[in-house]
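Undergrad: sequence plus the predicted model coming up.
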Amino acid sequence: MTRIVFALLALALAGSVQARGNAANGKELAKAEGKASKGCAACHGEQGTKPSLPDQPVLAGQHYDYLVRALTDYKNGRRNNAIMKGMSAALSKQDIEDLAAWFASQKSNLHDQR
């Protein structure tokens with residue numbers, strides 16, 4: 001009986017663990033030309049802190065989950081922006097997680113830093 005309880009507990013905990021992206025890979029993707037056209041840095045800045053236009057968001061310091069969801073939504077058409085649709089089209093799920101990890105790890109003035 002004890003083994004069953006421990007097995008169920010282990011399964012429950014394993015299901016709640018989320019895969020996180022690799023920030024180092026995300027940094028390279030953000031500035032890379034080719035895979036994501038001119039890269040995220042062209043519009044959002046290399047660290048995601050300096051958008052080139054006022055209607056482009058600051059990505060640095062955003063929540064990881066929010067960034068994953070936003071990029072996924074652009075990719076599958078739930079969010080409608082022609083530029084972001086094209087930029088996200090070639091990204092894999094891992095690419096999206098890596099980019100989200102990179103931008104989420106950057107300091108910004110979006111909220112108080114801990």
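TA: Received the coordinates, thanks.
Undergrad: and the residue lying closest to Lys50 once chain neighbours are set aside, how many neighbours does it have?
TA: Residue nearest to Lys50 in three dimensions, not counting chain neighbours: His44, with 7.5 Å by C-beta to C-beta, 6 or more residues apart in numbering. C-beta here means a position set from N, CA and C on the backbone, and glycine is covered the same way. Using other C-beta atoms under 10 Å, His44 has 21 other residues around it.
Undergrad: residue contacts, His44?
TA: Residues in contact with His44 (C-beta atoms under 8 Å, 6 or more residues apart in numbering) are 30, 50-52, 56-59, 103.
Undergrad: for Ala90, see how far away the spatially most central residue of the chain is.
TA: Centrality entry for the chain: nearest residue to the mean C-alpha point is Ala100, 1.8 Å, by C-alpha atoms, centre = their mean. For Ala100, the distance to Ala90 equals 16 Å [C-beta to C-beta, to the nearest Å].
Undergrad: and for Glu97?
TA: Computed as C-beta to C-beta, the Glu97 to Ala90 distance reads 15 Å.
Undergrad: cool, Lys27 as well?
TA: With C-beta to C-beta as the criterion, Lys27 and Ala90 are 18 Å apart.
Undergrad: who has more neighbours, these two?
TA: A count of neighbours by other C-beta under 10 Å puts Lys27 above the other of Lys27 and Ala90, at 20 against 12.
Undergrad: surely the more buried one is within a helix?
TA: Yes - judged by DSSP: H, G, I helix; E, B strand; the rest coil, Lys27 forms part of a helix.
Undergrad: give me every residue that touches the residue lying closest to it once chain neighbours are set aside.
TA: Setting aside the residues directly before and after it, Lys27 is nearest to Trp102 in space (C-beta to C-beta, 6+ apart), at 4.9 Å. Neighbouring residues of Trp102 by C-beta under 8 Å, 6+ apart: 21, 23-27, 29-30, 48.
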